[in-house]
Structures are given as C-alpha cells and as structure tokens.
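*Asks:* from the sequence below, what's the structure:
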Amino acid sequence: MLRMVIADDETFILDCLSKYIPWRNYGIEVVATAKDGVEALNFVKEKRPDILIADIKMPLLDGISLLERVKEVKSNIEVIIISGFQEFEYARKALKHGCMGYVLKPIEPEELVTYVQKAADKILKSREEQIMIQKVMRPEIYINGMINGTLTSEECAYYMEQYQQFSEKTLRMGILLFNGFSSETGGESKHPYKRLMDDIEDMVQKSDSFFIVEKGFDNVVLLFHAQTKEEILQTEEMVSKHVTVLNHIQNSIKVTFIRAGDFSSIDTVHEQYWRLVWDSLKEEDESEKEKVDSGTQGTKDLIQEAKLFIEKNFKDSELCLNKVAVNLGVSPGYLSSLFSTKCDCGLTSFINRVRINYAKLMLEKDDDKIEYIAESSGYENATYFSTVFKRETGLPPSEYRRNTRK
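*Replies:* Predicted coordinates:
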C-alpha cells in the first residue's frame, strides 16, 4: 500500500480529504495530516510518503516552496497541489517543479482521486522497472537459477530479452559447462584443465564482461558476455584451444555460445547441464543407465506420472524440472533426458503448454483481467505470460480473446 500525506490549513477541508474519501480502496494509506507547510515538510522527512497533497496557500511555508523542499528530501515523491487561485502563474510554477496535478477549489473528489491514481500508477510502474533492472542487470542470478532448476529456460530467455533493452552489449554471452572432473583425476588431465581455468580467471580480472557462477572440479559453469564480435571470437578461440588439449575427455565438455537475439539456444542449456551430470552418473551406475536406454513399461509409467503431476500442479508458479523430479523420486537429469527422448517436447515446454492451454480456456469464456489469468495459469509475471502466450499461439492474450468471441 502506498503512503500519502495531506496538508491544508483549513481544518474542514483537511478532514474531508483525509476521512471521507476511501483512499484504502485505491491502495493508499493516509499516514499524516498537516495544517501548515513546515509541519508537512517534517512529516515527509519522518514518514517518507509516496504522495503529497498540499494546499498552495499555507502558513509558514506555501505550497510551491513546500514542493521545492520535499523534492530535495525525497526526489521521487509525487505532489498534487490544491488551490483557490485560478491563475496561470501558480500552475506554471507548480508544474515547473514537478507537480503531478493542480486541482482548483472547490474540490471535486473524483478529480482529486484521478490525479492520485495517476500518481500511484506512475510510482508502481517505476518500482516494477527498478525491480526488472535489478534482475536483468545481474544475469548470473537468473542463469544460475535456470541451471539449478528454480527458473525455467523460457523465463531465462524472457529476462535476457529484457536485459538487452538495458545493455549496450552487442553479443550476449557464452556458457561453458564442465563435468566429469573428480578429485581423483590424474595430473596429466588435470593440468590443462587448470591452465584453462587460470586463463579464464585472468580474463575475469581484466574485464568486467565475464563472471563465474560456479567453479569446481566436478562441474564449472562459466558465463561471459562481450561488447564486440572480436572479443567473443577471441574467447571462442582460447576455449577451443584448451578443449582440444583436453580431447581425451572432450565428451565431458560442452561449449554453448549464445549470440544477440538467439534466445532459442538458452532452451538447451538446462538440458545440456543435466545431461552432462547424468552421463557421468551412467558411467558409475549401470542400473540407472538401463532405465534410460530401455523402452520398458516402467519408463512409460514414469513419463505418465510426470505429465499427471504437471497437469495437477501447473498453477504452482514454482513448478519446474527439479520439483517434478523430486516428487517422482528420480534425478532431474534422468527425468529431463527421458522426457526429451520419449516425448515430442522437453519437460519445461510441456509445463508451458499445459499452462497456455488453460489460459486459452479462461480467455475464451471469462472476462477476468489478463493479470488474474496469468496468475491462475501459473505465471507470477503478467508481461512474461503475454510473451509466452504470443510465442505459443501467435497472438497476444487480449487479441486471442477478441478473435475467439467474434
């Protein structure tokens, strides 16, 4: 709920504005009322409100001066001025200093509420943008989330698209996946691996275009993005040179380069990672290997169980490969490999398919808001939902609804 302070030297008006307009219905809480400009300024410092409604003529500090001062205290506060003066000069000064609205007395509650709602929308939109910027400007967080199974590859692609809007980098990133290095690895094979990591760390220290999400001899996930084509080509050359040296264990190494706009590549990264882990497990556990290779009834039953679990729990926004695997008592790598091999799509794609089919039914028969339909279908972010929906159906949700009701 947003916070608001109201200031007016007329007690009757102050009471009417603070008590007789149902601000809480609009997501607003009146945290303080003031009878002069100085008191209002002190409340802004103390309460840190999001919105201020202030009379232009008040004792000690008038509305225009108050507007200037509160912007110094809290630059993103939205201010609405009320006035009995229908003069252009007052309005001009108020707007010059960042006033959201200028309402004349006698006050029409509907007009004031309209301005407050505009201020609230602006504040909430700004907050959403800040959250998005914080997310997309730290790509290691959502890539790591994808690899760990807490974020789907589609969500990762969406956030990378958002990241592109805020980044000037022309080429996105590469992902280097290692697996199969154990503490027992002999010095002969460990040496070139160590040299590769030393070279990579040297690059990390010299450039802010690289970062390592996870590092260890069991597996390494190195992420990097480059500003120029030459820079990423140099990186490819360096990695390829060392991978060639490690050719006797090359099957344990995957190098994926994701270039600008090529978000389809991301869909395979999570699968690649778990397949690498699974490949090493297969070498150690032949019984698990037989599960993957055989087309037994047990395998079919497991896929059916996975589908039923997804169809029952798709509304859970945290539903992902890991969660399904844990419920079935198998490893994520095994389930991912099994699903991709035996079905016409990956497990994550199947989750999205179920969610979008449900959303289509809601759009065809209900008049609920898109935000509600997104949440009901398992998507916390309505914008991301719209992106996935359009990719799956070819139409945005609103247009799909119109077309089905013609």
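*Asks:* buried ones in stretch 319-336?
*Replies:* Neighbour counts over stretch 319-336 (16 or more other CB atoms under 10 Å) mark 319-325, 330-336 as buried. Where you see a C-beta, it was placed from the backbone N, CA and C, and this is true even at glycine.
*Asks:* the residues you listed in helices, which ones?
*Replies:* 321-325, 332-336 (DSSP state H).
*Asks:* tell me the one of these nearest residue 8?
*Replies:* Nearest to residue 8, judged by CB to CB, of these is residue 323 at 54.1 Å.
*Asks:* tell me the spacing between the closest one and residue 108.
*Replies:* Separation of residue 323 from residue 108 (CB to CB, to the nearest Å) stands at 52 Å.
*Asks:* circling back: pLDDT check: weakest of the buried residues of stretch 319-336?
*Replies:* Across the buried residues of stretch 319-336, the smallest pLDDT goes to residue 333, namely 65.
*Asks:* any low-confidence regions in the stretch 201-350 of the chain?
*Replies:* Low-confidence segments of the stretch 201-350 of the chain (pLDDT under 70): 201-299, 333.
*Asks:* what residues does the helix or strand hosting residue 92 touch?
*Replies:* According to DSSP states H and E, residue 92 maps onto helix 88-96. Helix 88-96 is contacted by residues 56, 63-64, 67, 81, 83, 102 when judged by CB atoms under 8 Å, 6 or more residues apart in numbering.
*Asks:* quick check: the farthest pair among those?
*Replies:* 67 and 83 (11.8 Å).
*Asks:* look at those two and report which has more neighbours.
*Replies:* Taking other CB atoms under 10 Å, residue 67 and residue 83 do not tie; residue 67 has more neighbours (24 against 20).
*Asks:* helix, strand or coil: sort out residue 60 for me.
*Replies:* The three-state label given to residue 60 by DSSP: H, G, I helix; E, B strand; the rest coil is coil.
*Asks:* what's the burial count for it?
*Replies:* Residues near residue 60, counting by other CB under 10 Å: 14.
*Asks:* measure it to residue 84 for me?
*Replies:* For residue 60, the distance to residue 84 - CB to CB - is 18 Å.
*Asks:* same check on residue 362?
*Replies:* 50 Å.
*Asks:* more neighbours: those two, which one.
*Replies:* With neighbours defined as other CB under 10 Å, residue 362 and residue 84 compare such that residue 362 has more, 18 against 13.
*Asks:* now that one, what's its secondary structure?
*Replies:* From three-state DSSP, the assignment for residue 362 is helix.
*Asks:* which residue packs closest to it, ignoring adjacent ones?
*Replies:* Spatial nearest neighbour of residue 362, chain neighbours left out: residue 373 (4.8 Å); criterion: CB to CB, 6 or more residues apart in numbering.
*Asks:* got the confidence number for that neighbour?
*Replies:* Confidence score, pLDDT, at residue 373: 94.
*Asks:* and it, what does it touch?
*Replies:* Residues counted as contacts of residue 373 (CB under 8 Å, 6+ apart) are 359, 362-363, 366, 385, 397.
*Asks:* what subset of those residues is buried?
*Replies:* Of the contacts of residue 373, these count as buried by 16+ other CB under 10 Å: 359, 362-363, 385, 397.
*Asks:* check which helices and strands the helix or strand hosting residue 68 is in contact with.
*Replies:* Counting by DSSP H and E, the element that carries residue 68 is helix 63-73. Using 3 or more CB pairs under 8 Å, 6 or more residues apart in numbering; DSSP states H and E as the contact test, the elements touching helix 63-73 are helix 37-47, strand 51-55, strand 78-83, helix 88-96.
*Asks:* now with 6 Å?
*Replies:* Counting contacts by 3 or more CB pairs under 6 Å, 6 or more residues apart in numbering; DSSP states H and E, helix 63-73 packs against helix 37-47, strand 51-55.
*Asks:* how much space is there between residue 395 and residue 363?
*Replies:* From residue 395 to residue 363 the distance is 10 Å (CB to CB).
*Asks:* let me redo that: residue 82
*Replies:* From residue 82 to residue 363 the distance is 42 Å (CB to CB).
*Asks:* now residue 103
*Replies:* Distance from residue 103 to residue 363, by CB to CB: 39 Å.
*Asks:* can you list the buried residues in stretch 387-399?
*Replies:* Across stretch 387-399, burial judged by 16+ other CB under 10 Å covers 387-389, 392-393, 397.
*Asks:* again, but for stretch 350-359
*Replies:* So, applying 16+ other CB under 10 Å, buried residues of stretch 350-359: 350-352, 354-356, 358-359.
*Asks:* just want the angle from the longest helix along the chain to strand 78-83.
*Replies:* With secondary structure taken from DSSP H, the chain has its longest helix at helix 109-136. Calculated by axes from the mean of the first three to the mean of the last three CA atoms, to 10 degrees, helix 109-136 forms an angle of 160 degrees with strand 78-83.
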